[in-house]
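> Just to be clear, the model below is a prediction. Sequence and coordinates:
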Amino acid sequence: MDPIGSAVQFIDQARITVRGGRGGDGIAAFRREKYVPAGGPSGGDGGHGGPVVLEADSNLQTLLDLKYKRLFAADDGRRGGPNKCTGASGRDLVIKVPCGTEVRHLTTGILMGDLTDPGQRLTIAFGGRGGLGNAHYLSNRNRAPEKFTEGRDGEEWPLQLELKLLAEVGIIGLPNAGKSTLIAVLSAARPKIADYPFTTLIPNLGVVRRPSGDGTVFADIPGLIAGAAQGAGLGHDFLRHIERTRLLIHLVDAGADDPLEDLRTVEKELEAYGHGLMDRPRLLVLNKQELRSEEELPALMAELKQASGIDPLCISAAMGSNLDALLEQIWSELGV
């Protein structure tokens, strides 16, 4: 599938309604046996309605399957039977979602669950109780009760599902800063790369090998622009994906007209978005160092340090320059 096509498939928000199954009705019945002239009540209870369960699945990367189906309803319980037979309960309806899915009540915004681990389950809507058969109402005063109760409706909730990627390291910066190139040279990811802004329309994930041998997930977040936190460009949609990261790599394009202004633009957006992003550990990286002369670089680095309070690191992702030093800093920040 081509990258633009896959961009359309990356769905990180969905609104659905979930409904637990209705409980089955109890029934009124009496024993009808040979040689038992006055059989007592024998109506069975209805089965319980099935619950709706969300389950985190590590094989899913998108909420696409939930985008175009609005109602997810579990099976109803079956009605009771004679001879005090209880009706069958409805089966669980299991909805698979990607790891990193946050579940909120659509109208109140209350967080109902956060599914981060593979196989983690959340019962989001319970089924209704089954009704009681007339056998329950037998008493000394009433030896032949005809009363029974109907099953209860299951719970129904409108939900907002939001996928927040589970990456430890988020690469941020303005469009065309070289984020996709960096993630491609550090990992086996092969994002679409071109020399124009907004080439990346979805977050790219890449696994980078640690010195210990296991992998760390890096996410290349699509280009932020001024006003992203208020909804401009693609930034507002994807800022949520860096909420879970432990470390941010702020990439600044050395070949830009005004790298200092680019730095300030992204920092303003992080501050405006909130959620503690400005307090997150952050590395400042000046990319495309080959586009500046050796005389210009020290002054530019000093300006960036003064503006951000962070010692910048100079690299060239395309030329493969100084990437070992960058990885060293990353592992040091992550405590690897």
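That came in fine, so what should we check first?

> C-alpha only now, for contacts and for neighbours.
Will do.

> Going by neighbour count, list what's buried in stretch 66-85.
Across stretch 66-85, burial judged by 16 or more other C-alpha atoms under 10 Å covers 66, 72-85.

> cool, and stretch 97-116?
97-106, 113-116.

> Stretch 179-189 too?
179-187, 189.

> Whichever strand or helix holds L297: how far from the chain's middle?
Following DSSP states H and E, one finds L297 within helix 296-308. In terms of C-alpha atoms, centre = their mean, to the nearest Å, the centre of helix 296-308 is found 37 Å from the chain centre.

> tell me which element L270 falls in.
Secondary structure assigned from DSSP H and E places L270 in helix 259-273.

> Could you list every helix and strand in contact with that helix?
Contact partners of helix 259-273 among helices and strands, from 3 or more C-alpha pairs under 8 Å, 6 or more residues apart in numbering; DSSP states H and E: strand 247-253, helix 296-308.

> what's the closest of these to D57?
Judged by C-alpha to C-alpha, the one of the helices and strands packed on helix 259-273 that comes nearest to D57 is strand 247-253, at 24.8 Å.

> before we move on, the earlier item: take the buried residues of stretch 179-189 and write them to JSON lines, including distance to P41, pLDDT and secondary structure.
Formatted as JSON lines, these follow (distance: C-alpha to C-alpha, whole Å; pLDDT from 0 to 100; DSSP: H, G, I helix; E, B strand; the rest coil):
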{"residue": "K179", "distance to P41": "74", "pLDDT": "84", "secondary structure": "helix"}
{"residue": "S180", "distance to P41": "73", "pLDDT": "82", "secondary structure": "helix"}
{"residue": "T181", "distance to P41": "76", "pLDDT": "86", "secondary structure": "helix"}
{"residue": "L182", "distance to P41": "75", "pLDDT": "88", "secondary structure": "helix"}
{"residue": "I183", "distance to P41": "72", "pLDDT": "86", "secondary structure": "helix"}
{"residue": "A184", "distance to P41": "73", "pLDDT": "85", "secondary structure": "helix"}
{"residue": "V185", "distance to P41": "76", "pLDDT": "87", "secondary structure": "helix"}
{"residue": "L186", "distance to P41": "74", "pLDDT": "85", "secondary structure": "helix"}
{"residue": "S187", "distance to P41": "71", "pLDDT": "81", "secondary structure": "coil"}
{"residue": "A189", "distance to P41": "68", "pLDDT": "50", "secondary structure": "coil"}
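
> and of the residues you listed, the nearest to L122?
Closest approach between the buried residues of stretch 179-189 and L122, by C-alpha to C-alpha: A189, at 31.6 Å.
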